[in-house]
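[1] What would the 3D arrangement of this be:
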Amino acid sequence: MAGRWVRPSVGRWLSGILVSVALVGAVSSLIGLLDPHVPVLSLLVLYILAVLPVAIVWGRGWRRSRRC
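    Numbering: from 1, shown residues only. All right, here's what the predicted structure looks like:
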C-alpha cells in the first residue's frame, strides 16, 4: 500500500478544471480591459493569482497520497 497513488474522484478533478478555466477566462477579460492603461507584461502576474489557488485546493489530494 505504501507508495501507491490514490486517484481523486472524477467529479473533483473536473471541478478543478472548470474552476481553473473560469478563473483564467476572467483574468483574460480583466487583462483585455486593462490593456490600454497598463503594460501587458505587468498584468501577467494575475494569471499566477488565478492558477495558484486551484493548484493549492485541488492539488492537495495528490500531494497527500504521495509518500516521499
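[2] For the longest helix seen in the chain, the averaged confidence score.
    For the chain, the helix reaching the highest residue count under DSSP state H is reported as helix 10-34. In this model, helix 10-34 has an average pLDDT of 87.
[3] quick one: buried residues of that helix?
    Judged by neighbour count (16 or more other Cβ atoms under 10 Å), helix 10-34 contains these buried residues: 16, 20, 23, 27, 31. (C-beta placed from N, C-alpha, C; glycine too.)
[4] Excluding sequence neighbours, find me the nearest residue to the third one.
    Excluding the flanking residues, the one nearest L23 by Cβ to Cβ, 6 or more residues apart in numbering is A50, at 4.0 Å.
[5] tell me which element the one you found is part of?
    helix 45-58 (DSSP states H and E).
[6] CA atoms only for that helix - export them in PDB, please.
    Output in PDB follows, covering the C-alpha atoms of helix 45-58 (Å, rounded to 0.1, in the frame of the first residue of the first chain):
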ATOM      1  CA  VAL A  45       1.200  38.000 -12.700                       C
ATOM      2  CA  LEU A  46      -2.600  38.000 -12.500                       C
ATOM      3  CA  TYR A  47      -2.600  34.500 -14.200                       C
ATOM      4  CA  ILE A  48      -0.500  33.200 -11.300                       C
ATOM      5  CA  LEU A  49      -3.000  34.600  -8.800                       C
ATOM      6  CA  ALA A  50      -5.700  32.700 -10.800                       C
ATOM      7  CA  VAL A  51      -4.000  29.400 -11.100                       C
ATOM      8  CA  LEU A  52      -2.300  29.200  -7.600                       C
ATOM      9  CA  PRO A  53      -5.500  28.800  -5.600                       C
ATOM     10  CA  VAL A  54      -6.700  26.000  -7.900                       C
ATOM     11  CA  ALA A  55      -3.300  24.300  -7.600                       C
ATOM     12  CA  ILE A  56      -3.400  24.500  -3.800                       C
ATOM     13  CA  VAL A  57      -7.000  23.400  -3.300                       C
ATOM     14  CA  TRP A  58      -7.300  20.700  -6.000                       C
END
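[7] I'm done for today, thanks for sticking with me.
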